[in-house]
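Q: A predicted structure for the sequence below; I have some questions about it.
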Amino acid sequence: MSLPKAVKITKNGVEFVSNVERLQYTLKELERAALRDVGKLVCKRTKQKIKRRTGRLAKNTQYWVRSKQKVPDLQVGFKPGGFYGLYQEIGTSKSPKIGALSNAAEDNISDIIKIESQYLSGIGTEEAESLIKEGDYQGE
């Protein structure tokens, strides 16, 4: 879906310009772009923590930014090849809890806030349109 055009209404010689749809679209896409960068950050920090313990699981960390819902959301987890990642994340009776995903998110809250504010501060400017990339995001 491309950027909607402004709606122009002329009434009694006065022209009204409505950018509501354009701003809604821009806001949604900026949210998605910010979530994409947050997903990259959390995956990167998780990989750094896991790599010291188990290298195989580190490459199975992935994020998904879904846009099919009304509000975009972010999911960070392990790929299907990282089946045992869940057991290492929450721990079992035989192995201790590593908690790399949850710790990576909790330890980097200030960085996450910085990323989100960087994107959302550009609402209504021309810079905002350059930050938007369409399509679902899925990355390593």
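A: Alright, I've got the coordinates. Residues are numbered from 1 along each chain as shown.
Q: what helices or strands is the host helix or strand of residue 44 leaning on?
A: Residue 44 belongs to helix 20-53 when assigned by DSSP states H and E. Packing partners of helix 20-53 (3 or more Cβ pairs under 8 Å, 6 or more residues apart in numbering; DSSP states H and E): helix 55-58, strand 61-66, strand 73-78, helix 100-107, helix 109-120, helix 126-131, strand 137-139. Heads up, the C-betas are built off the backbone N, CA and C, glycines and all.
Q: 6 Å instead, please
A: helix 55-58, strand 61-66, strand 73-78, helix 100-107, helix 109-120, helix 126-131 (3 or more Cβ pairs under 6 Å, 6 or more residues apart in numbering; DSSP states H and E).
Q: so how far is stretch 86-98 off the chain centroid?
A: How far stretch 86-98 lies from its chain's middle: 26 Å, per Cα atoms, centre = their mean, to the nearest Å.
Q: end-to-end on that stretch?
A: This stretch, stretch 86-98, spans 10 Å end to end (Cα to Cα, to the nearest Å).
Q: For it, which residues meet the burial criterion?
A: Neighbour-count burial for stretch 86-98 flags 88, 89, 98 (criterion: 16 or more other Cβ atoms under 10 Å).
Q: and if you look at stretch 34-45?
A: Quick answer for stretch 34-45 (16+ other Cβ under 10 Å): 34, 35, 36, 37, 38, 39, 40, 41, 42, 43, 45.
Q: Nearest to residue 27 among those residues?
A: Closest approach to residue 27 among the buried residues of stretch 34-45 (Cβ to Cβ): residue 34, at 10.6 Å.
Q: Now the closest one. Nearest residue, chain neighbours left out?
A: residue 119 (3.8 Å; Cβ to Cβ, 6 or more residues apart in numbering).
Q: these two touch, right, the one you found and residue 32?
A: No. Using Cβ atoms under 6 Å, residue 119 is not in contact with residue 32, being 9.3 Å away.
Q: So, low pLDDT: which residues of the protein?
A: By pLDDT under 70, the weakly predicted segments of the chain are 1-7, 51-56, 124-140.
Q: okay, which residue is most central for it?
A: residue 35 (1.6 Å; Cα atoms, centre = their mean).
Q: pretty sure that one is touching residue 65, no?
A: Yes. Look at residue 35 against residue 65 with Cβ under 6 Å: they come within range, at 4.8 Å.
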